[in-house]
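# predicted structure and sequence below. I'll ask about it afterward.
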Amino acid sequence: MQRHNKLSFRPHITSWSHRNSDQGIYAVEVMNNGLGPAIIESFTVTVDERLIAGEGTEPIEKGLKILFPNVGYQSQQAYMAKGYSMAAKEKCTILAIQFKSPAPLTKEAIEHAFKRADLVIKYKSFYEEEFTYSSKEEKSNH
């Protein structure tokens with residue numbers, strides 16, 4: 001019975017990205033499409049395999065500056081703090097970015113830059129099972 005309960009409340013964090021290339025808009029959402037809440041243990045960003053340090057949304061902001069130096073854009077970021085409980089079916093837009101017009105980079109160059117980054121979220125279930133989401137390992141709808 002306990003195995004059934006664990007499966008019934010297992011979280012599963014995944015991502016979904018979407019873009020409007022014509023308007024230079026790109027967004028990444030993280031969602032818990034599992035059946036139970038995901039208790040966040042850590043939220044880290046790397047670029048070119050290097051950990052980006054900072055508090056809150058700073059690692060995302062710094063990562064964007066590394067990926068898109070000398071490129072004009074507006075962006076909004078979000079993060080999940082340690083201990084945050086992401087409910088089943090909950091979504092969070094981690095990044096929404098709009099490049100200034102005319103777009104300084106091609107669609108391919110922008111997508112290549114994003115592939116240099118990795119978002120890693122370590123989380124657990126209420127039953128203390130540990131899981132890791134990695135944007136590099138997860139094959140989302142890119």
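Structure's in. What do you need?
# quick one: the helices in the chain, in order.
Residue ranges of the helices in the chain, as given by DSSP state H, are 2-8, 58-67, 107-115.
# next, the buried residues of the longest one.
Read that as helix 58-67. Neighbour counts over helix 58-67 (16 or more other C-beta atoms under 10 Å) mark 59, 60, 63, 64, 67 as buried. Heads up, the C-betas are built off the backbone N, CA and C, glycines and all.
# show the average pLDDT along that helix.
Averaging pLDDT along helix 58-67 yields 98.
# what is it packed up against?
Here helix 58-67 is seen to pack against strand 38-47, strand 73-77, strand 91-99 when contacts are counted using 3 or more C-beta pairs under 8 Å, 6 or more residues apart in numbering; DSSP states H and E.
# measure the spatially closest residue to residue 85 that is not a sequence neighbour to residue 70 for me?
Take residue 85 and drop its neighbours on the chain: the residue closest to it by C-beta to C-beta, 6 or more residues apart in numbering is residue 37, 4.7 Å away. According to C-beta to C-beta, to the nearest Å, residue 37 and residue 70 sit 41 Å apart.
# and those two? which has more neighbours close in?
The neighbour comparison of residue 37 against residue 70 (other C-beta atoms under 10 Å) goes to residue 37, with 19 against 6.
# now do the same contact list for the more buried one.
Residue 37 is in contact with 9, 11, 85, 86, 87, 88, 125, 126, counting by C-beta atoms under 8 Å, 6 or more residues apart in numbering.
# now with 10 Å, please.
By C-beta atoms under 10 Å, 6 or more residues apart in numbering, the residues touching residue 37 are 9, 11, 84, 85, 86, 87, 88, 90, 123, 124, 125, 126.
# please apply the same query to residue 46.
52, 59, 63, 116, 117, 118, 119, 120, 134, 135, 136.
# ok, now residue 49?
For residue 49, the contact set (C-beta under 10 Å, 6+ apart) comprises 116, 118, 136.
# out of the residues you listed, which sit inside strands?
residue 118 (DSSP state E).
# nearest to residue 30 among the contacts of residue 49?
residue 118 (13.1 Å; C-beta to C-beta).
# one step back: generate a PyMOL selection restricted to the buried subset of the contacts of residue 46.
Per 16+ other C-beta under 10 Å, the buried members of those correspond to this PyMOL selection:
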select buried, resi 52+59+63+117+118+119+120+135
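# lovely, talk soon.
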